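Trainee: the amino acid sequence is not available; the structure is as follows:
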């Protein structure tokens, strides 16, 4: 049976309480990290690199920080505020699911995924 991340994301987003989540950004991050680790890191493989290319900056940040930066429009040389307002939290959650959907769509195409990895290598100054 093939793991269907898109179906899981839909269920988690529409009924977070069913998964013992409060609907917070950090809760979704913890849940998705657990799902990824429970599947040998294969569920979100490439997501960080894809986000880095999308953000347009070389970075060593992980996907949770990148999603938050993209959602809040924070640049590479700017600091994230230590706490987010309820509106910023909502924007981060919406961005997380939107970006995951976009990534999963692109990941379905081996050519698009290969192109993303080439762009990622170029972004990081690798040949």
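Mentor: Arrived safely, thanks for sending. Computed from a prediction, not measured in an experiment: that's the story for all the values here.

Trainee: scan the protein for its longest helix.
Mentor: Secondary structure of the chain read by DSSP state H shows that its longest helix is helix 86-107.

Trainee: next, the angle helix 86-107 makes with the next helix or strand after it.
Mentor: Next in sequence after helix 86-107, counting helices and strands by DSSP states H and E, comes helix 110-123. Taking axes from the mean of the first three to the mean of the last three CA atoms, to 10 degrees, one finds that helix 110-123 is oriented at 120 degrees with respect to helix 86-107.

Trainee: may I see the buried residues of helix 110-123?
Mentor: 113, 116, 119-120, 123 (16 or more other CB atoms under 10 Å). All C-beta spots, glycine's among them, are computed from the backbone N, C-alpha and C.

Trainee: likewise for stretch 44-64?
Mentor: So, applying 16+ other CB under 10 Å, buried residues of stretch 44-64: 44, 46-55, 59, 61, 63-64.

Trainee: wait, which of those residues is closest to residue 100?
Mentor: residue 47 (7.4 Å; CB to CB).

Trainee: thought the closest one was touching residue 64?
Mentor: No. Look at residue 47 against residue 64 with CB atoms under 8 Å: they stay out of range, at 10.3 Å.

Trainee: which non-adjacent residue is nearest residue 104?
Mentor: Distance criterion CB to CB, 6 or more residues apart in numbering; nearest residue to residue 104, sequence neighbours excluded, is residue 6 at 5.6 Å.

Trainee: low-confidence ranges, the protein, go.
Mentor: 1-3, 127 (pLDDT under 70).

Trainee: can you tell me how far the residue lying closest to residue 88 once chain neighbours are set aside is from residue 32?
Mentor: Nearest residue to residue 88 in three dimensions, chain neighbours excluded: residue 72, at 5.8 Å (CB to CB, 6+ apart). Note on residue 72: its distance to residue 32, by CB to CB, to the nearest Å, is 19 Å.

Trainee: between those two, tell me which one has more neighbours.
Mentor: residue 32 (21 against 16; other CB atoms under 10 Å).

Trainee: tell me what the helix or strand that one falls within is packed against?
Mentor: Secondary structure assignment for residue 32, by DSSP H and E: helix 25-37. Packing partners of helix 25-37 (3 or more CB pairs under 8 Å, 6 or more residues apart in numbering; DSSP states H and E): helix 5-14, helix 63-72, helix 86-107.
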